[in-house]
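Q: Fold the stuff below for me.
(2 chains)
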Amino acid sequence: MAVTLQRGNEKMLQRRVLTHNKEQITNMTDISLLSVLIWLPILGGIWVLFVESSAARPIALAVSLITFLFSLPLFFNFNVNTYEMQFTETLAWIPSLGINYQLGIDGFSMPLIILTTFTMVLVILAGWEVIKSKPAQYMAAFLIMEGLMIGVFSALDAILFYVFWEAMLIPMFIIIGVWGGPRRIYASIKFFLYTFLGSVLMLISLLYLYSQAHSFAILDFHQLPLTLEAQKWIFIAFLIAFAVKVPMWPVHTWLPDAHVEAPTGGSVILAAIMLKMGGYGFLRFSLPITPDASAAFDWLVIGLSLIAIVYISFVALVQQDMKKLIAYSSISHMGFATLGFFIGFIIYKNTNSLDGAAMAMEGGMMQMISHGFISGALFLCVGVLYDRLHSREIATYGGVANTMPLFAMFAVFFAMANSGLPGTSGFVGEFLVIISSFKANFWIAFTAATILILGAAYTLWMIKRVIYGAVANDGVASLKDINGRETFILVALAIAVLLFGIWPAPLLDVMHSSVQHLLEHILVSKIPPVM
Amino acid sequence: MQNVALVIVLAPLIGAIIAGLFKVNRTVAHSVTIGAVGISFFLSLYLFYQIIIAGHASFNETVYTWLVAGNVRLEIGFMIDSLTVLMMLVVTFVSWMVHFYTIGYMQDDPGYQRFFSYISLFTFSMLMLVMSNNFVQLFFGWEAVGLVSYLLIGFWFTRESAIYANLKAFLVNRVGDFGFVLGIAAVLMAFNTLSYTEVFELAKTGQYQQTISIVSGSEWSFITVICILLFIGAMGKSAQFPLHVWLPDSMEGPTPISALIHAATMVTAGIFMVARMSPLFELSTTALSFVMVIGGITALFMGILGLVQNDIKRVIAYSTLSQLGYMTVALGVSAYSVGIFHLMTHAFFKALLFLGAGSVIIAMHHEQDMRKMGGLKKYLPITYWTAVIGSIALCGFPFFSGFFSKDAIIEAAHHAYEAERAGAWFAYYAVLLGVFITALYTFRMLFLTFHGKERMDEHTREHLHESPWVVTGPLIALAIPSIFIGMFTLEPLVFGHYFEGAIFVDEAHQAFHPEHYHGVLNFIGHGLMQLPFWLALAGVGTAWFLYIKRPDIPGMIATRFALIHKILLDKYGFDRFNDWFFAGGARRIGSGLWQAGDVTLIDGLVNGSAKIVDWFSSVIRNVQTGFLYHYAFSMIIGLVVLLGWFVYIR
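A: Coordinates of the predicted model:
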């Protein structure tokens, strides 16, 4: 114990030196890593717009790869012993209103940023041959979106956050609207309306908070005393904004439509990253800014999460469209993230200790990361089939394993991961949330655990109908197995799924300090004492 | 010792990866996997020597930290004691035999390498399960063997029946796992750790939360809740009533895996788990009563179903269900060591029977219907004699391995019955009656297959010949322990101190005491005077009368008792009920929620509001006419309103 402590101290010391050096560098060039990660893909994307379409693909790939490599130091140089924001930078933006260009990450945002940069490389690769019309614009849209999404995860200023949050919708809107399926207009408008509704409410809340705190710094909001009444209004506004993104029942119906119409890459980003912003919002805004309201309304979020897990699973069971099925599966799995974030209040009340709550919250985070890999992989698998037979209907397929054995192996593997098989990352989050929510209430754990049966039922039933069986028709008979590029993408995701399934400790270790701090923070009431 | 344990576990995994992921040829595939499992077997023997014979302390160490969350550290590690090494030996030995056998059985199959990869992966998973020192890794192995079982039942994935069966098996197992995961959650809540030794230590000293309120207003014994939840997991994996429905269908898989997974090893994981958890189960007589009643139902009623099956593999499958019921009864009456004893003897003779059936099936060109067999004795002498050995062992005739373990179970059930433990009377009569049923269906199968008239077609008869040595070799290798293993292990396992430190039994529940043991012959002599022996003889006699002497009678019985016959053929209606209620019900709920909830209600509202926006914008659109004077006019009105507001309001 003492040895580890000492080593931890040494590490901290080293890190401090490192950060010190980094500050010097920052001062010299005024550029820090997070800014690079945001602006490199955005500028790269703009560059791609102006090159010939033959050069667009390699440039886009190079940009996304470099961004990914640059994001790795975030993990390796991350100080796991502090909850303080790291890699911070602050520039005055609109001084008269107190708006700053302020960036920084903690244990919640760092894994999500790396998930973003990792996924984006694969998405660029996935669109390599498939996107024939306007490839340069396609790649550019994704790169720009990448920068904006990293901006969302690293912004520490509310207005900066809001700008990124809204701006990110535009490329996604374009991706669905231009490269989407036949009902893309309906889907993109529905997507826009839903998210817009949430965004407006969020903006109003942010402005109110500014009027109280006289600052747009999110960390200042965290310290701001608020009456319970005010907290409740803000909480509800945030809840709507983030619930749409997650999405939670009953504001989820945009997701299946958006997924169905989006091109494969769009679906992957939507499922792997964008949904996580809702969950991230709860951790960065709802819980720390309105802790008393969160405690008062925890039953609401828990209830909606459980409805998502059960209700949506049943709906997923009867889908005929593979993408819709996976979209519903996403909603259901994201229910574990929101459940894990909000179950802590009851656990604390029952056990009088933060440990169970920490386990649940880390389980929720783990579920978000893992779901990024698994749902991304499943959408890519559907994309592989769609590229060949131009159908997402389950009934079109049958016996794919006969003609695409390699693909079948990956499909079954990711289906098992989606069913939460231990040894894959899909298990870790669900397991942690279930076993910790048992401490809150038997029936909550009971309801959440039905995912074991329902999740396996809808995923494997689809596998049975699509992958297994005799060759169903000439279309299936003509299928060619996945090529090197497709194999590479699926292998990369499979490695990630296995790695975090077999050894999730490093991922959870980066969260401990932030989770602990957040829990300690939200248990202190922010209601100002009555005069 | 940790390195040895790691090699034992990882060798089959590496074998599976090489055979499965790299495009190796057949010889490489089977050499590599057989070599790997062989290594595991011999190293298991080495560990057995170290711990049991050389008397080293049992081994319990962490390999790495899986994760830390809150104040809980979840680790991957091994615990190797007398119970574990026994399981390791059984698993690796049977698996090894099955690997050899597969060379012959699957020689014409295009999925040869894939098959070897799967069975090696299974061996890895099963070893992870039995060697675990904590609940998380136990659950990993538990689900991993389920995965391999899924893959192997659906091995011939173009067959509709196979892919129906594997989905069903996985989902029914998941129902059990649902309980199991809640059980693990309950253990964590009660003990705040998931490491075996810590949990057992706390359980022994009573330092845990005693009650839990599940239905508000009533406090339940926490340990009972834990044990029942964990046992639900065992009911799924070990196919106990009413979660037994997947096992007969699992016969869709190739025969070698029926022997390995669905008879000898995986399905006994539940039995092993309960025995491992004996320090917990001993604290709850309520849970134990539940266990023994479930076991009794399975032992008796699943055996009866074996009487009407015509598919040779399904007879053995129902027999497996029934025997698993016997083991469960043993657990329920606190005779954990006897349950494990029967698990071991059963592993040998049941794997033997399955592999024998496989040999018959090869000879019959993949015909499994016993009505088209008969008189095979002279064509398949080795298969026949080994099948006789397996059958006699299964029925529990003296000197054969099954005799000792089954008699001990009945003895233990009787002890519990006399001690008036709740449910014990039912379990006792169920296992007692089961002896007659067992003998009847076993010899019915033996007679229908190997004796009597030759009912196959001419073409098949001409090609009948004994299977190659890779098939008969494992049969002989399994026949030897099927005869002898019982008499050599009875004393240490049941009466002795073999399981001391691994299995914990409350003194009041103890059915066997070392001082009551007076040698194998004495035990046999005692058995000869007991009811079970005569019941078994009666069963054989009845089978002989019905299927050799008067083969016309069974048909008459079936017509006479048509209703009962129909119920039995219908497997008590479980499959139909499950298909209608659970599978159909889930689909109906899904469609209902989707159409009524998502499409009509939510999207109705969304599209409705979109229409309102549409209407509103069409109104607004009228304002934007494009005529300059309209804009100028509205600007003037706006100005007037603004000015008026300033003047009058402020």
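Q: so what strands line up beside the longest strand seen in chain B?
A: Ranked by residue count, the top strand of chain B under DSSP state E comes out as strand B:59-69. If you go by DSSP bridges, strand B:59-69 pairs up with strand B:72-80 (antiparallel).
Q: what about dumping the CA coordinates of the partner strand to PDB?
A: Provided in PDB are the C-alpha atoms of strand B:72-80 (Å, rounded to 0.1, in the frame of the first residue of the first chain):
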ATOM      1  CA  VAL B  72     -14.500  -3.400  -4.500                       C
ATOM      2  CA  ARG B  73     -11.600  -5.000  -6.300                       C
ATOM      3  CA  LEU B  74     -12.500  -7.700  -8.800                       C
ATOM      4  CA  GLU B  75      -9.800 -10.000  -9.700                       C
ATOM      5  CA  ILE B  76      -9.000 -12.900 -12.000                       C
ATOM      6  CA  GLY B  77      -7.300 -15.700 -10.200                       C
ATOM      7  CA  PHE B  78      -7.200 -19.400  -9.500                       C
ATOM      8  CA  MET B  79      -8.200 -21.500  -6.600                       C
ATOM      9  CA  ILE B  80      -7.100 -25.000  -6.800                       C
END
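Q: Tell me the pLDDT of the residue in the stretch 251-400 of chain B positioned nearest to chain A.
A: Nearest residue of the stretch 251-400 of chain B to chain A, counting by C-beta to the nearest C-beta: B:Glu252, 12.1 Å away. All C-beta spots, glycine's among them, are computed from the backbone N, C-alpha and C. Looking at B:Glu252, its pLDDT stands at 87.
Q: since we're on it, how many residues are nearby?
A: By the criterion of other C-beta atoms under 10 Å in any protein chain shown, B:Glu252 has 23 neighbours.
Q: hang on, it packs against B:Ser161?
A: Yes: using C-beta atoms under 8 Å, B:Glu252 is in contact with B:Ser161, at 5.5 Å.
Q: got any residues that touch both of the two?
A: Shared contacts of B:Glu252 and B:Ser161, defined by C-beta atoms under 8 Å, 6 or more residues apart in numbering or on different chains, are absent.
Q: For stretch A:410-425, C-alpha coordinates in PDB please.
A: Provided in PDB are the C-alpha atoms of stretch A:410-425 (Å, rounded to 0.1, in the frame of the first residue of the first chain):
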ATOM      1  CA  PHE A 410     -17.400 -10.900 -36.700                       C
ATOM      2  CA  ALA A 411     -21.200 -10.600 -36.800                       C
ATOM      3  CA  VAL A 412     -21.600 -13.300 -34.200                       C
ATOM      4  CA  PHE A 413     -18.800 -11.900 -32.100                       C
ATOM      5  CA  PHE A 414     -20.300  -8.400 -32.000                       C
ATOM      6  CA  ALA A 415     -23.800  -9.800 -31.400                       C
ATOM      7  CA  MET A 416     -22.400 -11.700 -28.400                       C
ATOM      8  CA  ALA A 417     -20.800  -8.500 -27.200                       C
ATOM      9  CA  ASN A 418     -24.100  -6.700 -27.600                       C
ATOM     10  CA  SER A 419     -25.700  -9.500 -25.600                       C
ATOM     11  CA  GLY A 420     -23.300  -8.600 -22.800                       C
ATOM     12  CA  LEU A 421     -21.100 -11.700 -22.900                       C
ATOM     13  CA  PRO A 422     -18.400 -11.600 -20.200                       C
ATOM     14  CA  GLY A 423     -15.000 -11.200 -21.700                       C
ATOM     15  CA  THR A 424     -16.300  -8.500 -24.000                       C
ATOM     16  CA  SER A 425     -16.700  -4.800 -23.000                       C
END
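Q: is that stretch anywhere near chain B?
A: Yes: residues of stretch A:410-425 contacting chain B under C-beta under 8 Å from any C-beta of the partner chain: A:412, A:416, A:421-423.
Q: which stretches of chain B aren't confidently modelled?
A: Applying pLDDT under 70 to chain B flags residues B:620, B:622-632, B:646-647, B:649-650.
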